[in-house]
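>>> Sequence and predicted structure, then a few things I'm wondering about:
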2 protein chains.
Amino acid sequence: MSRPTPIPRTPSAYAYPLLIKQLLHAPLAVNPEQEIVYREQVKHSYWTMRHRVGQLASGLHSLGVEAGDTVAVMDWDSHRYLEAYFGIPMMGAVLMTVNVRLSPEQIVYTLNHAGARLLMVHADFLPLVEAIRDQLETVERLILIGEDTLSLESSPLPECFAAEYEALLAASPPDYPFPDFDENARATTFYTTGTTGLPKGVYFSHRQIVLHTLATMAALTGAPRQGRVHRDDVYMPLTPMFHVHAWGMPYVATALGMKQVYPGRYAADQLLRLVQSERVTFSHGVPTLLHMLLSHPDSAGVDLSGLKIIVGGSALPRGLAQAAVNRGIDVFTGYGMSETCPILTLAQVKTTLLGDATTELDVRTKTGLPIPLVDLRIVDDDMRDIAHDGKASGEIVVRAPWLTQGYLGNSAESEHLWAGGYLHTNDIGSIDSDGYLQVTDRIKDVIKSGGEWVSSLELEDLISRHAAVNEVAVIGIKDARWGERPMALIVLRAGLSAEATDIQEHLRDFVRRGAISKYAVPEQVLFVDAIEKTSVGKINKRLLRERYQAVAPHAGNPL
Amino acid sequence: MSRPTPIPRTPSAYAYPLLIKQLLHAPLAVNPEQEIVYREQVKHSYWTMRHRVGQLASGLHSLGVEAGDTVAVMDWDSHRYLEAYFGIPMMGAVLMTVNVRLSPEQIVYTLNHAGARLLMVHADFLPLVEAIRDQLETVERLILIGEDTLSLESSPLPECFAAEYEALLAASPPDYPFPDFDENARATTFYTTGTTGLPKGVYFSHRQIVLHTLATMAALTGAPRQGRVHRDDVYMPLTPMFHVHAWGMPYVATALGMKQVYPGRYAADQLLRLVQSERVTFSHGVPTLLHMLLSHPDSAGVDLSGLKIIVGGSALPRGLAQAAVNRGIDVFTGYGMSETCPILTLAQVKTTLLGDATTELDVRTKTGLPIPLVDLRIVDDDMRDIAHDGKASGEIVVRAPWLTQGYLGNSAESEHLWAGGYLHTNDIGSIDSDGYLQVTDRIKDVIKSGGEWVSSLELEDLISRHAAVNEVAVIGIKDARWGERPMALIVLRAGLSAEATDIQEHLRDFVRRGAISKYAVPEQVLFVDAIEKTSVGKINKRLLRERYQAVAPHAGNPL
């Protein structure tokens, strides 16, 4: 024999498929009275949640939804969204989480592209949906999610709606017979946008979501001290549930049987109130949300100590991390993207690195350590491994059992994503001797000068430490001799001034300390009034490159 | 559409199979310098372990082992066994863990039945292997595991051996190209023995072992306080590695990147020395092993506080649990069997039940809560669910993604095991309102009297509390009127005496307190000199039933 032998199966033996419904066994057996909370409006048990999940499936079925159909949701973070996370995939349908922050045109595009047959819409989005309704090519039925059911009862349902969410559940039996099926069935889909091009649809199977849940559980709970999550934690997302399954955490929290709190539409005062009243201990979100929690006028009156927050989406600034730690928050980075379900790494601090506040902060703001089953490499252009010395950098490529297997209906981009059998993150990073990954740049933003990579993010970080600098962007400018050279664009602080030579001298300090190479110091330092941003608030480097390439003088030797 | 749609796959996308090799990604990325210890003889890093796993596969390949072949191991708990746990399945071969406690005839039977092609043998088993060698029908090659390599170098390898383990590794390259293959490939096999019949072979795939590892990790690490395991724990098995993959814990410990300690052949003084010198914090074993650790003369001099021990294999007696807790040991029950890979439940104490010592001990000695993905039911003869009231009992049947899909080459027993699509544990249990399972009996030992089930284990526990009772067995005796009636067989303590009526009165105390029904009190209480045991030390109830059925008088009404 020269092939491994598949195990024989007894005809009656249950060939257990990894389906989302299987995540409910443990919490319902161990802790069914645990609470699920929605704002100040709803507080019910896991039993009730399971009951309503059955009602949702029965209700959708009564409206014609069948296995394989796509059901789209536009809602804020809610107990209803959690029900959709389970009920829609469990019946064999596909949950489409609609990014309500997209433009109306993009929302139309994504709903049509995904072929959504049914759309559940929170009342807040009624004007939007009424405006785009004529352009929806596949949506046959709409369900209204009324925040206040009583007021809906007194007024008739708008004509275009087939049902109201609570009324539908109330009229539907809880005992929907959730079937077994292929674990590779599509469970979810959503769209990711770049700075260019149409939104791209990613998709995840039941198997992928179950495995992401198990590995994330093991990584979060296995930490000895810092960054440790456990079954008594109280969970509340600070990530929209339309964004990569809220990082998969509602599945993790449910499988662990945690108390869960859903805050509805984000408002800082409401979030702070819920943290306090429901004693929230575990959350996650982008830096902006954390900043909002810390800086809101109500914040000082709320005890945030004991709260664990994973920050992702963009790099966790050191100053923000310090401010959070000062409030007693256990903050650390999580890394991933829409294509990766999303968790790849968590910046949990190893016990050996605990004790020194500066070191701890260094680690919390790194990109992190791979979670179980993640095969993460940094590679050169020929997919050869780069040394793990904390300095050398390469493209981050990954394998894990939960990565999107392509973009919906886009085979060219799909092949590009998976070139060479690894998913290309389009991020550049280094790995230090402790194993921590540090993303240093987006591959499109990295500057390749004389064959060496110069990190635009690192240069921005160092330049921003100069007292006169308010904002900075570093871009690569084409150069005949070196291929590319860095250029710094700086907005000065009001009332302060600096010359290009001041900035260069400031950077040479870091060259002397060995922090950066001398090739990284830009010859061109331009002072500008403002730096263009994208619609989601990130620096628009593509635009800056186009604009400033034209004005760049012919570059000389590196300094 | 009416069927769920499998996700489309980009040709270049990696369809990540759940293979045992994938468990090594995280520990090698996060903590490769972590230690693996074998007695006082070996201490090396995970890097070295991974290196040796590659050498083992290369060495086996050079001896003709191919994917699909079965490689059998006879060794004590060692770093070598850990290498076999990974290296053999990772090359696509099947690891057969030989139960060295079986009779020579049974060992011959299992090796032949499994079709083992290669056998690795610790020097301690040389006399045994030489005695059975002629009867081995499929074994082509033998590898000697020499405990002391130096002495082997000076004397020639016995003729029948193709290689010595360390010499083979030293001569083999570490860069074996472990291939990808079907995750349903058989990874391991071993044999389980009952009180009757031939040993039966169970088998587990790569997928099953990976999923068992992930779910067990999540369950052990997710505990808020009691029974919590984490990445800084130091692991040492007190379960032989030939017994159900040492409960799968070497895979769990490796995937978490724990320091691991392997003690070789069990000797209480050596185990205690290692607990102390290597600061072991996490282990698991049968009650006998725990008793041995606590009662050995050296024990008092060893600080056992902080040690977590999962006890399984048979019920954790309350007195033993109390003695362990008195020493500062965090002891609790784990439940499973050879057929279930094995973990199904863990008796971790919920935070709400912590604080009262009696309640804590009650919970620690229960059978436990199901771990993630386990679908565990207690059912009546028609597979209908029994109430979870802590009193009603039924057969425990389960589904999980890691249960043996049958017995090797035994379709009748396989179908019996999986009748109705659930694996039948042959255990009887109840589930209380907190969700804890309590095994009350083996299905073959339970006594059915007047349509009610009487637990022989519970009666034995209560009778054993009588001061004069040294040992007790309760069996069911056929009864014309009631179907069956319990009979108690008692060995008295030296120098003490009791009458049947004393025992009955002792039991009626528990009837009055509502602990047992009045039907449970046996009319027949016999005092005997000894109670027959099986080869593995369990009470041989089958034999007792045969013997005492004959002497039983015609039973009257229940008391």
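Looks like it arrived, so ask away.

>>> Quickly list the domain ranges of chain A.
Split into domains by automatic domain parsing, chain A comes to A:20-431, A:446-551.

>>> Endpoint to endpoint, the last one covers what distance?
Chord length of domain A:446-551, first to last residue, is 20 Å (C-alpha to C-alpha, to the nearest Å).

>>> same question, the first one
Using C-alpha to C-alpha, the span of domain A:20-431 from its first residue to its last is 34 Å.

>>> Report the helix or strand with the lowest average pLDDT across chain A.
Counting by mean pLDDT, DSSP states H and E, the weakest-scoring helix or strand in chain A turns out to be helix A:149-154, with a mean of 52.

>>> Chain B contacts on the stretch 51-200 of chain A?
A:66-69, A:92-94, A:181-182, A:184-186 (C-beta under 8 Å from any C-beta of the partner chain). Using the backbone N, CA and C atoms, a C-beta is placed for each residue, glycine as well.

>>> Closest approach to chain B from the stretch 101-250 of chain A, which residue is it?
residue A:185 (3.3 Å; C-beta to the nearest C-beta).

>>> Now for that residue: which residues touch it?
By C-beta atoms under 8 Å, 6 or more residues apart in numbering or on different chains, the contact list for residue A:185 reads A:92, A:205-206, B:4-7.

>>> just curious, which of those residues is nearest to residue B:428?
The closest of the contacts of residue A:185 to residue B:428 turns out to be residue A:206 (C-beta to C-beta; 33.7 Å).

>>> Give me the phi and psi for the closest one.
phi -50, psi -50 (degrees, to the nearest 10).

>>> how close does it get to residue A:13?
From residue A:206 across to residue A:13, the span is 20 Å (C-beta to C-beta, to the nearest Å).

>>> And residue A:103, by the same measure?
Using C-beta to C-beta, residue A:103 is found at 51 Å from residue A:13.

>>> Compare the two (neighbour count), which wins?
residue A:13 (21 against 11; other C-beta atoms under 10 Å in any protein chain shown).

>>> element containing residue A:188?
Residue A:188 is part of strand A:186-192, with elements assigned from DSSP states H and E.

>>> Run me through the strand neighbours of that strand, direction for each.
Using DSSP bridges, the strands paired with strand A:186-192 are strand A:94-97 (parallel), strand A:200-205 (antiparallel).

>>> Report the secondary structure element holding residue A:453.
strand A:452-454.

>>> name the helices or strands packed onto that strand?
On a contact count with 3 or more C-beta pairs under 8 Å, 6 or more residues apart in numbering or on different chains; DSSP states H and E, strand A:452-454 meets strand A:447-449.

>>> contacts for the strand it packs on?
A:453-456, A:474-476, A:479, A:482-486, A:519-520, A:558.

>>> circling back: starting from the strand holding residue A:453, tell me which strands it pairs with and how they run.
Partner strands and pairing direction for strand A:452-454 (DSSP bridges) are strand A:447-449 (antiparallel).

>>> And the partner strand, what's buried?
A:447, A:449 (16 or more other C-beta atoms under 10 Å in any protein chain shown).

>>> And that strand, how far out from the chain middle?
29 Å (C-alpha atoms, centre = their mean, to the nearest Å).
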